[in-house]
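Trainee: quick one, structure for this:
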Amino acid sequence: MKMRPLVVIGLILAVLGLVALAVPSITFFTSERVADVGFFTIDMSRPHTIVFNPIVGGVALAAGIVLVLVGLLRSGSA
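Mentor: Coordinates of the predicted model:
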């Protein structure tokens, strides 16, 4: 059975929508060298946060479901 492009795109959107609804934000840290004088070094760690908007997650989930349904209906009638 061949997967239709609409179904694949819909599944990807639905999964990304669920992730955006389940995980409100992701925080990761980067470290920078502040001072490097001979044997003495100072590193500084900075946090960076990516915030996911739950409205966008809901829209992506709904669009993914619609695309999966349309793709399945089109493949069934062909």
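
Trainee: residues of stretch 69-76 that come out buried?
Mentor: residue 71 (16 or more other CB atoms under 10 Å). Placement of C-beta: from N, CA and C, glycine included.

Trainee: flag the shaky bits of this protein, pLDDT-wise.
Mentor: Residue ranges of the chain with pLDDT under 70: 1-3, 75-78.

Trainee: quick check: longest helix of it.
Mentor: helix 54-77 (DSSP state H).

Trainee: can you name every helix or strand that that helix contacts?
Mentor: Helix 54-77 is packed against helix 5-22, with contacts defined by 3 or more CB pairs under 8 Å, 6 or more residues apart in numbering; DSSP states H and E.

Trainee: could you pull out the buried residues of the helix it packs on?
Mentor: Residues of helix 5-22 classed as buried: 6, 7, 10, 11, 13, 14, 16, 17, 20, 21 (neighbour count, 16+ other CB under 10 Å).

Trainee: who's in contact with the last one?
Mentor: Under the criterion of CB atoms under 8 Å, 6 or more residues apart in numbering, the contact list for residue 21 reads 54, 57, 58, 61.

Trainee: output the residues you listed in CSV; the columns should cover neighbour count and distance to residue 47.
Mentor: Formatted as CSV, the contacts of residue 21 follow (neighbours: other CB atoms under 10 Å; distance: CB to CB, whole Å):
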residue, neighbour count, distance to residue 47
54, 13, 22
57, 19, 22
58, 13, 27
61, 19, 28
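
Trainee: can you list the residues you listed in TSV and add distance to residue 70?
Mentor: Shown next, in TSV, are the contacts of residue 21 (distance: CB to CB, whole Å):
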residue	distance to residue 70
54	25
57	20
58	19
61	15
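
Trainee: hmm, residue 16 is touching residue 60, no?
Mentor: Yes - using CB atoms under 8 Å, residue 16 is in contact with residue 60, at 5.5 Å.

Trainee: now do the helix or strand residue 41 falls within: distance to the chain's middle.
Mentor: If you go by DSSP states H and E, residue 41 is part of strand 40-51. Centre-to-centre, strand 40-51 and its host chain are 23 Å apart (CA atoms, centre = their mean, to the nearest Å).
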